[in-house]
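Engineer: Sharing a sequence plus its predicted fold:
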Amino acid sequence: MIFNTEFYEVFLPPYVLIGISAVFSFLVTYIAIPSIVKVSIARNLMANPNGRTSHFNPTPNLGGVAIFAGMIVSSVVFTGITTAHELKYIIAATIIIFFVGLKDDLVPLVAYKKFLGQSIAILFILVPGDFHLSSLHGLFGVEDLSYPISLIITYILFLALINSFNLIDGI
């Protein structure tokens, strides 16, 4: 941890710290993208147009590296990794997703291998991280969830979230 967040929490509300962290993450990503694009072009690491994308020209496909760098750097700078129990599992899962995505960008993976990597990452958050929904707070008339149902619903939501980013990335 670079900043002592306890010091800043006295002067700034949590949502301001989250906003500063998000802006910092964006800036790291924004600064990293030109270098990554140059490497992608130089090494011909490009996504060619096909039926699944809206690209008309070959497009550098390593943008996820910049996003990953921005998120990790911001997490390290603005969070006490050793004290945030859930964060270490979220970062571990993010690293797994990053490497699955990187492998898919370099050597296309079949769907079941992507699904397997995503599932391992999600389970990392759910089981040792103990990070799951415990209530739907009245959504669809449902309040508290049993532990197995909460794991299933959280798994499905994480899977949908990951694949929605994949869909956006392909567009």
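Structural biologist: Perfect, thanks for sending it. Numbers count the residues shown, from 1 in each chain.

Engineer: what's the spatially most central residue of the chain in contact with, if anything?
Structural biologist: For the chain, the residue sitting closest to the mean C-alpha position, by Cα atoms, centre = their mean, is T94 at 5.2 Å. Each residue near T94 by Cβ atoms under 8 Å, 6 or more residues apart in numbering is listed here: F68, M71, I72, A121. Just so you know, the C-beta spots here come from the backbone N, C-alpha and C atoms, and that holds for glycine as well.

Engineer: what helix or strand is it on?
Structural biologist: Assignment of secondary structure by DSSP states H and E places T94 within helix 85-106.

Engineer: helix or strand right after that helix?
Structural biologist: On the C-terminal side of helix 85-106, the nearest following helix or strand under DSSP H and E is helix 111-126.

Engineer: Kindly provide the whole-number mean pLDDT of the helix or strand just after that next one.
Structural biologist: For helix 111-126, the following helix or strand on the C-terminal side (DSSP H and E) is helix 147-170. Per-residue pLDDT values across helix 147-170 average out to 86.

Engineer: what's helix 147-170 packed up against?
Structural biologist: Using 3 or more Cβ pairs under 8 Å, 6 or more residues apart in numbering; DSSP states H and E as the contact criterion, the elements in contact with helix 147-170 are helix 111-126.

Engineer: pull the CA atoms of the helix it packs on into CSV?
Structural biologist: The C-alpha coordinates for helix 111-126 follow below in CSV (Å, rounded to 0.1, in the frame of the first residue of the first chain):
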residue,chain,number,x,y,z
ALA,A,111,-15.3,-22.0,-25.6
TYR,A,112,-15.0,-24.7,-22.9
LYS,A,113,-11.5,-23.7,-22.0
LYS,A,114,-12.5,-20.1,-21.6
PHE,A,115,-15.5,-21.3,-19.5
LEU,A,116,-13.2,-23.5,-17.4
GLY,A,117,-10.8,-20.5,-16.7
GLN,A,118,-13.7,-18.2,-15.9
SER,A,119,-15.2,-20.9,-13.6
ILE,A,120,-11.9,-21.4,-11.7
ALA,A,121,-11.6,-17.6,-11.3
ILE,A,122,-15.2,-17.2,-10.0
LEU,A,123,-14.8,-20.2,-7.6
PHE,A,124,-11.6,-18.5,-6.2
ILE,A,125,-13.8,-15.5,-5.2
LEU,A,126,-16.7,-17.6,-4.0
